[in-house]
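# Predicted model, plus sequence, below.
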Amino acid sequence: MYLKQLTLILLCLSISFLSLAQCPTNINFDTQAEIDNFSVNYPGCTAIPGDVSISGYYITNLNGLSNLTLIGGGFYISTLSTSLTSLDGLENLTSIGGTLGMEFNDGLTNIDGLSGLTTIGGDLYISLNPLLANVDGLAALTSVSGNVFIGDYNEALTNINGLSALMTIGGDLSIIYNTALTNIDGLSALTTVGGNIEIAVNDVLTDVDGLSALSSIGGNGSILISSNPLLTHIVLPNLTSVGPIGIYSNDILTDVQFPNLTATNPNGGLVISNNPLLTNLDGFSSITSFGAGVYIRNNASLMNVDGLGNLTSIGYDLVIENNPQLSMCCALCPILQADADDDTVIGNNVNITNNAVGCDEADIFTCPTCTVCAAVDLDINFDGSPTQTSWEMTDASGNVVASSGGNIYGPAFADSNLPLNGIACLSDGCYDLTFFDSANDGMCPRRTSTVLTGVNIATIGLGGVFNGIPRVASSCGSYSLTDANGTILAFGGGRFGTSETTNFCVSGGVAVPLWQSDNIYAKTLTEDVNALELSPNPAQDNLTIYYNLTDDFNADIQVIDITGKIILEIGNVNTNQAQFDISNLASGFYFVKLMSGDMVLSEKFVKQ
């Protein structure tokens, strides 16, 4: 009898234990009640072996799922409503064996409830959540075995800092169509992507610095960066393995750097296309081999391809076409000559056409000995109206050797800096650098303190209203041209009217500003009248002003900063020269203005 009672008690306990651990294989939550009653219907359930879906239009919270620690399959949250605002209640969930998909949740503002999640065995999809401002709830996530997709109109998403612990992605990484995402710094721990990377159509993304730790894109996985209108630079300092590289249609991209990439994977080629402000390919100089073709097309400001000078093999085509400023292709001579001796060096066709003189088939296939030249860089600090600014460089015969290509700088450059490296490599001779302003006010904004009609306010100084329209305060712009050693060859800016021109020369592959050439300097003082010369320039402590004037008048001389403020002044000078102590001036651009009778002369100088 006692034995029967004991057996019955044990049987009841066993049934009770089994019922406490009971979990559904797969489950879909369509109502709030189903979530609230989950722990009642499935007592003791902490791990669901299959898929979990939350799709109910009227679901407002997930607190009833607080016991869940593991989902063996996929986890899909798609309510198609504004009712669900957070994922609170999922804090104990640590692992998802399949895909985590969060899509079409119109009211979701945060995913902090996923703060315990460390691994995802499938894909991660975050899309079409218009109010989601961040992904901070994924701060513990270290790996995703499948793809990561962040995009398709998460209109409020400004950063992905919540992915700061993510180190590996087994599949693709896609960041596309995010209208408010300014950076991807949250990927700073990411070292490996097993598939492809696509970063495209992100309206306000300015950089991809968050990929600075990335070392490998697996197999023949590609990297595509395109149609990001505010992206200024791409620097991937640690990337050593990748397949195809595609960079195109990034409106203000000026700098691309792959410093540690020596070769692409077998199917890895290069496409650089429709990047209107990219001037050079120097960031590819460490690469010796592309497994597939190289295509450089339709880059309006591209000046040279020196960065491809170390190539020894190209797996398919070499195509360089429709780059109107590209005149320097000597760097391609070695690989073209090698291909002439062994036609397997370049795997298929060579097409170099519709570029500037010096980089067409008629020029490059002959591969003449490239003349010694001096490389020069241009640095522009825009004022508040960059759309008005353009520039060109001409040789002694008036031929344009480099230019902006017209007024191409958009409003995004307002009050910002633009470095243009390697705009030209100049043969021996003298050159003019001319900056133009379409509004006739130089690189200073037009402003006045009163309401005026029919007055050229470019001539009357600073203020706040013109014809009843307020003018936003903005600093004056400037520019400088330097050689490879950092020597300043030409500089200017401020209020110069329609245009201003500065001269410099090149001799033996070394660029020389006119004020450092003794012969030119002597000619200025002995042959020219009404001439003004500054020495040294740039200057550190003392600046000497030399001048010749037609009439025998005393001179008043002023040192003026770029805003028009008089900093130093000397009156009644009659010695044809004067000296200023400028040791206490801040580094930057200044002007010397000389007034004598009706004559006014001015020159610019740099305080180092």
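Arrived safely.
# Next, the contact list for the residue nearest to N260 when sequence neighbours are not counted, please.
By the measure of Cβ to Cβ, 6 or more residues apart in numbering, the closest residue to N260 outside its immediate chain neighbours is T240, 5.5 Å from it. Bear in mind the C-beta positions are built from the backbone N, C-alpha and C, glycine included. Neighbour list for T240: 215-216, 260-262 [criterion: Cβ atoms under 8 Å, 6 or more residues apart in numbering].
# same deal with L128?
Contact criterion Cβ under 8 Å, 6+ apart gives 103-105, 152-154 as the residues in contact with L128.
# Which among the residues you listed count as buried?
The neighbour-count test (16 or more other Cβ atoms under 10 Å) applied to those identifies 103-105, 152, 154 as buried.
# Among those, which pair sits farthest apart?
Between any two of the buried ones among the contacts of L128, the greatest separation by Cβ to Cβ is 12.6 Å, found for N105 and D152.
# T191 is in contact with T168, isn't it?
Yes. Counting by Cβ atoms under 8 Å, T191 sits close enough to T168 to count as a contact (6.9 Å).
# By pLDDT, give me the weakest of the contacts of L128.
Of all the contacts of L128, Y153 has the smallest pLDDT value, namely 85.
# Could you pull up phi and psi at it?
Recorded main-chain torsions at Y153 are phi 70, psi 60, according to degrees, to the nearest 10.
# The helix or strand hosting C333 - what's its average pLDDT?
Secondary structure assignment for C333, by DSSP states H and E: helix 333-341. Taken as a whole, helix 333-341 has an average pLDDT of 86.
# got it, and stretch 381-389?
Per-residue pLDDT over stretch 381-389 has a mean of 91.
# cool, stretch 194-206 as well?
Within the predicted structure, the mean pLDDT of stretch 194-206 is 96.
# What are the buried residues along it?
Applying 16+ other Cβ under 10 Å to stretch 194-206 flags 194-202, 204-206 as buried.
# ends of that stretch, how far apart?
One end of stretch 194-206 to the other measures 25 Å (Cα to Cα, to the nearest Å).
# do the same with stretch 142-160
Start and end residues of stretch 142-160 are separated by 14 Å (Cα to Cα).
# ok, now stretch 72-85?
Stretch 72-85 has an end-to-end distance of 25 Å (Cα to Cα).
# buried residues in that stretch?
72-79, 81, 83-84.
# Quick one: distance of that stretch to the chain centre.
Taking Cα atoms, centre = their mean, to the nearest Å, one finds the center of stretch 72-85 at 35 Å from the center of the full chain.
# now that stretch: mean pLDDT?
Predicted confidence along stretch 72-85 averages 95 (mean pLDDT).
# what's it in contact with?
With Cβ under 8 Å, 6+ apart as the criterion, stretch 72-85 contacts 26, 47-62, 87, 96-110, 122, 131.
# of these, buried ones?
Taking 16+ other Cβ under 10 Å as the criterion, what is buried in these is 48, 51-56, 59-62, 87, 96-105, 107-110, 122, 131.
# which SS class is the closest residue in space to A414 that isn't next to it in sequence?
Nearest residue to A414 in three dimensions, chain neighbours excluded: G384, at 5.0 Å (Cβ to Cβ, 6+ apart). Judged by DSSP: H, G, I helix; E, B strand; the rest coil, the three-state class of G384 is coil.
# So G384 sits against D415, correct?
Yes. Using Cβ under 8 Å, G384 is in contact with D415, at 5.6 Å.
# neighbour count winner among those two?
When G384 is set against D415 and neighbours are counted by other Cβ atoms under 10 Å, the residue ahead is G384, at 21 against 15.
# any idea how far that one is from F496?
16 Å (Cβ to Cβ, to the nearest Å).
# Could you do F580 as well?
Using Cβ to Cβ, one obtains 22 Å as the distance from F580 to F496.
# more crowded one of these two?
A side-by-side neighbour count of F580 and F496, using other Cβ under 10 Å, places F580 first with 23 against 20.
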